[in-house]
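**Q** Sequence isn't available, so here's the structure alone:
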């Protein structure tokens, strides 16, 4: 079989394996959207969403160790990765346990809610960062099947626990959340321990300082990426009552599928881009714009049904639907930034410029959202500011890539931007034309079919 055919089969296989697990986790997150608000009152749900906002940033608490390990392991044999993982995980556990002890001591002097948050966050970081290290090791070893299983274990257990225990208290929900990551970490470790270790010595000695030093720039860019997509919630939580934040937090679950797509596609795309010549990586990753546009167009078919179900089953959160729409329209821009722009820069070892792009995103979100909150506009307008910031960040990131890599093609991003604008406009026309969700779905499908099918064909032509 020709090498190009093997590469195509491998890319699609890894996308299906890892992407299937990630989207399975996204499906479970949708279940949580309808399950948790029924078990918690609105203020408690607001506190839970605030906890998730902080938990999304706990990756910073491994201080670049996991990212440095992933960079070291890229291209190495599975046996060598398994052998070094044992030592790296001991360093990681030492760091996380020290944080648990230190933060728990400080939390003793805090109020009940703050104490609960602090302890829950550091304990969750302990297990979640071990899960991340296990996934990084499996991905570097090319085992995307087990990496996907490790990734989906925690959400499966969390949703199952919610059904079994039907928790109505915040501390119980947080305990279930942490326990699910603890079991996932144990399973991930068992997957690594099954790999047969190699007796050969690596090219360079394994040192904690070296891993942290290599991983800190990547961690900084990753943290900036998380902050760019969560700073709006942080600002809303400060400027609005907890009940309003609960609505905004509920609406932000619209990004679950987009975040899952970003995580799945970017990991696989980066792994396959690294195997190509440097001058071909920008072109290869640029083709993913068509895949993102096709996926966005197909996913929007479910938006009318989602709004109908929310209005029928969660009437208290019906007023959050305009916020959902505003956030949804900007999601493809954020996916494009992190799958194409960021991966292109990282694959070409332009990590500092990757960080610059992420910081530009943080600045745009902070400025647009801050100005919107200061002006006192409705929360759906604040969400619209986030979408605008995504479009501006994509444009800025494209400029950075073009200046760094003059051979990078510009046509895919132009076609992508035009396509998602047409798809978004089709959704708005459908939603404001009629109140019946079936008719809304049919109108959207008729208006968005052509650009979505065109993008899907371009993606297939690129063998994605």
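**A** Received it, and whenever you're ready, just let me know what you need. Since this is a predicted model, take the numbers as computed values, not measurements. Numbers count the residues shown, from 1 in each chain.
**Q** elements contacting the helix or strand containing residue 414?
**A** Per DSSP states H and E, residue 414 falls inside helix 411-433. If contacts are counted by 3 or more C-beta pairs under 8 Å, 6 or more residues apart in numbering; DSSP states H and E, helix 411-433 sits against helix 288-299, helix 303-313, helix 321-336, helix 379-404, helix 437-461. C-beta coordinates here come from the backbone N, C-alpha and C atoms, glycine included.
**Q** mind running it again at 10 Å?
**A** helix 278-286, helix 288-299, helix 303-313, helix 321-336, helix 379-404, helix 437-461 (3 or more C-beta pairs under 10 Å, 6 or more residues apart in numbering; DSSP states H and E).
**Q** how far does the second one sit from the chain's center?
**A** Think helix 288-299. Centre-to-centre, helix 288-299 and its host chain are 16 Å apart (C-alpha atoms, centre = their mean, to the nearest Å).
**Q** re the thing from before, how far off helix 303-313 does the helix holding residue 414 point, in degrees?
**A** 40 degrees (axes from the mean of the first three to the mean of the last three C-alpha atoms, to 10 degrees).
**Q** list the contacts for the nearest residue to residue 169 once chain neighbours are set aside?
**A** Take residue 169 and drop its neighbours on the chain: the residue closest to it by C-beta to C-beta, 6 or more residues apart in numbering is residue 44, 7.9 Å away. Residue 44 makes contact with 36, 37, 168, 169, 170, 173, 242, 246, according to C-beta atoms under 10 Å, 6 or more residues apart in numbering.
**Q** With residue 139 instead?
**A** 14, 18, 70, 73-74, 81, 146-148, 151, 267-268, 270-271.
**Q** ok, 6 Å please
**A** 147, 267 (C-beta atoms under 6 Å, 6 or more residues apart in numbering).
**Q** do the same with residue 153
**A** Residue 153 neighbours (C-beta under 6 Å, 6+ apart): 184, 187.
**Q** unless I'm mixing things up, residue 132 is touching residue 64, no?
**A** No. Look at residue 132 against residue 64 with C-beta atoms under 6 Å: they stay out of range, at 11.9 Å.
**Q** Against residue 323, how distant is residue 317?
**A** Noted for residue 317: a distance of 10 Å to residue 323, by C-beta to C-beta, to the nearest Å.
**Q** what do you get for residue 132?
**A** 30 Å.
**Q** go on, residue 69?
**A** 38 Å.
**Q** I'd like the average pLDDT over stretch 195-215.
**A** Across stretch 195-215, pLDDT averages out at 74.
**Q** again, but for stretch 288-297
**A** 92.
**Q** What residues does the residue nearest to residue 420 when sequence neighbours are not counted make contact with?
**A** Excluding the flanking residues, the one nearest residue 420 by C-beta to C-beta, 6+ apart is residue 332, at 4.5 Å. Contact analysis of residue 332 by C-beta under 6 Å, 6+ apart lists 292, 296, 420.
**Q** Residue 391 now?
**A** Residue 391 touches residue 333, counting by C-beta under 6 Å, 6+ apart.
**Q** at 10 Å instead, please
**A** Here residue 391 is in contact with 329, 330, 332, 333, 334, 336, 337, 364, 417, 420, 421 (C-beta under 10 Å, 6+ apart).
**Q** do residue 251 as well
**A** Shown in contact with residue 251 (C-beta under 10 Å, 6+ apart): 49, 233, 310, 317, 319-328, 379-380, 383.
**Q** Could you rerun that using 6 Å?
**A** Applying C-beta under 6 Å, 6+ apart, one finds that residue 251 lies in contact with 320, 323, 324, 327.
**Q** Over to residue 73?
**A** 81, 140.
**Q** Next one: it relative to residue 275, how far apart?
**A** Counting by C-beta to C-beta - residue 73 and residue 275 are separated by 15 Å.
**Q** Ok, residue 445 next?
**A** 38 Å.
**Q** For the strand or helix carrying residue 216, which outside residues touch it?
**A** Element membership for residue 216, per DSSP H and E: helix 208-228. Contact partners of helix 208-228, identified using C-beta under 6 Å, 6+ apart, comprise 56-57, 60, 63-65, 67-69, 71, 91, 351, 354-355, 358-359, 361-362, 365.
**Q** Return the members of these classed as buried.
**A** 57, 63-65, 67-69, 71, 91, 351, 354-355, 358-359, 361-362, 365 (16 or more other C-beta atoms under 10 Å).
**Q** and these, which of them are in helices?
**A** 65, 67-69, 71, 91, 351, 354-355, 358-359, 361-362, 365 (DSSP state H).
**Q** biggest separation within those, which pair?
**A** With C-beta to C-beta as the measure, no two of those lie farther apart than 91 and 365, at 33.6 Å.
**Q** thinking again about what came up before, what about residue 317 and residue 323, which has more around it?
**A** residue 323 (26 against 22; other C-beta atoms under 10 Å).
**Q** Let me see the contact set for that one.
**A** Contacts of residue 323 by C-beta under 6 Å, 6+ apart are 251, 379, 380, 383.
**Q** low pLDDT regions in the stretch 101-250 of the chain?
**A** Applying pLDDT under 70 to the stretch 101-250 of the chain picks out residues 197-203.
**Q** repeat for the stretch 251-400 of the chain
**A** Counting by pLDDT under 70, the stretch 251-400 of the chain contains low-confidence ranges at 254, 256-257, 264.
**Q** mind redoing it with 90?
**A** 251-282, 295, 299, 310-318, 342-343, 345-356, 358 (pLDDT under 90).
**Q** How about the secondary structure of residue 276?
**A** coil (DSSP: H, G, I helix; E, B strand; the rest coil).
**Q** which of the contacts of residue 44 tops the neighbour count?
**A** residue 246 (27 neighbours).
**Q** helix or strand for it, which one?
**A** Assigned by DSSP H and E, residue 246 falls in helix 242-251.
**Q** can you check residue 176 too?
**A** Under the criterion of DSSP H and E, residue 176 resides in helix 170-193.
**Q** buried residues in that helix?
**A** Buried residues in helix 170-193 (16+ other C-beta under 10 Å): 170, 173-185, 187-189, 191-192.
**Q** Same question for stretch 293-304.
**A** Counting neighbours by 16+ other C-beta under 10 Å, stretch 293-304 gives 293, 294, 295, 296, 297, 298, 299, 300, 301, 303, 304 as buried.
**Q** just to revisit the earlier point, what angle do the helix holding residue 216 and helix 321-336 make?
**A** Using the same axes, to 10 degrees: helix 208-228 against helix 321-336 is 140 degrees.
**Q** Following the chain onward from helix 208-228, which element is next?
**A** Assigned by DSSP H and E, the successor of helix 208-228 is helix 231-239.
**Q** Give me the contact list for that following helix.
**A** Under C-beta under 6 Å, 6+ apart, the answer for helix 231-239 is 50, 53, 245, 248, 365, 366, 369, 373, 386.
**Q** repeat that with 7 Å
**A** Contacts to helix 231-239, defined as C-beta atoms under 7 Å, 6 or more residues apart in numbering, come from residues 50, 53, 245, 248-249, 252, 362, 365-366, 369-370, 373, 382, 386.
**Q** Can you report how many residues lie near the closest residue to residue 396 other than its chain neighbours?
**A** Using C-beta to C-beta, 6+ apart and skipping residues adjacent in sequence, the residue nearest residue 396 is residue 360, 4.9 Å away. Using other C-beta under 10 Å, residue 360 has 21 other residues around it.
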